[in-house]
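> What follows is a predicted structure for the sequence shown.
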Amino acid sequence: MKPRLARPHERFKASYIQGAWEFISERRTVTWHPEILRQRFGEYLQALRQAETDPLAGLAPSSRFWLVGADDRYLGDVDVRHHLNAALRCYGGHIGYKIRPSERRKGYGRLICCLGIREARQLGIGDILITCDDDNIGSCKIIEANGGRLQDKIDNDRAVLTRRYWIPAAG
């Protein structure tokens with residue numbers, strides 16, 4: 001069975017926490033620290049569900065999905081934002097995804113982006129914006145392989161320019 005998208009669930013807890021430690025080991029920010037997740041995983045799942053209909057102030061509603069393997073191993077996640085606000089038009093877009101470090105370079109980035117696009121289409125989103133850092137060659141290739149057309153590169157007061165890609169509704 002090939003990897004699939006699943007809603008975040010308790011059965012993925014151990015693997016998800018292992019993935020969070022991997023992101024921390026490469027100095028990436030995680031929303032909830034793994035030690036807090038270990039104790040309050042149910043609250044975390046509830047916060048993800050709440051983000052779909054009642055997001056925190058300033059955030060757009062979003063649906064989170066986890067890419068899981070046949071053994072229910074957490075491989076990565078994708079956020080599908082239901083609409084764009086001003087901030088997401090500059091950085092973030094409709095879809096944000098990540099693959100845990102130990103599972104990279106196996107084609108999962110391209111797959112999770114494709115599956116995220118499908119979820120966005122099911123929400124009725126036409127043209128889809130996806131952004132990435134200008135120096136993130138892997139993400140550039142993934143987005144382009146999924147039909148992304150580069151609109152521009154903008155300065156977001158970050159260390160590197162932001163590439164903004166659109167995937168047209170007809171694409």
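Right, received. Where do you want to start? Fair warning: this is a prediction, and the values are worked out from it, not measured in the lab.

> So the residue located most distally from the centre of the chain versus Val68, what's the distance?
Largest separation from the mean C-alpha position in the chain: Gln39, at 23.9 Å (CA atoms, centre = their mean). According to CB to CB, to the nearest Å, Gln39 and Val68 sit 23 Å apart. The way it works is simple: take the backbone N, C-alpha and C, and place the C-beta from them, glycine included.

> thinking again about what came up before, what's the offset of the helix or strand where the residue farthest from the centre of the chain lies from the middle of its chain?
Per DSSP states H and E, Gln39 falls inside helix 34-53. Relative to its parent chain, helix 34-53 has a centroid offset of 16 Å by CA atoms, centre = their mean, to the nearest Å.

> swap in stretch 131-142?
Per CA atoms, centre = their mean, the centroid offset for stretch 131-142 relative to its chain is 13 Å.

> First-to-last residue distance for that stretch?
End-to-end distance of stretch 131-142 (CA to CA, to the nearest Å): 11 Å.

> pLDDT (mean, whole number) over that stretch?
Mean pLDDT, stretch 131-142: 97.

> residues contacting the residue nearest in space to the middle of the chain?
Computing the C-alpha centroid of the chain and ranking residues by CA atoms, centre = their mean puts Tyr97 first, at 2.3 Å. Taking CB atoms under 8 Å, 6 or more residues apart in numbering, we find Tyr97 in contact with 76-79, 109, 112-113, 116.

> for His33, same thing?
Counted by CB under 8 Å, 6+ apart, His33 has contacts 20, 24.

> All set now, cheers.
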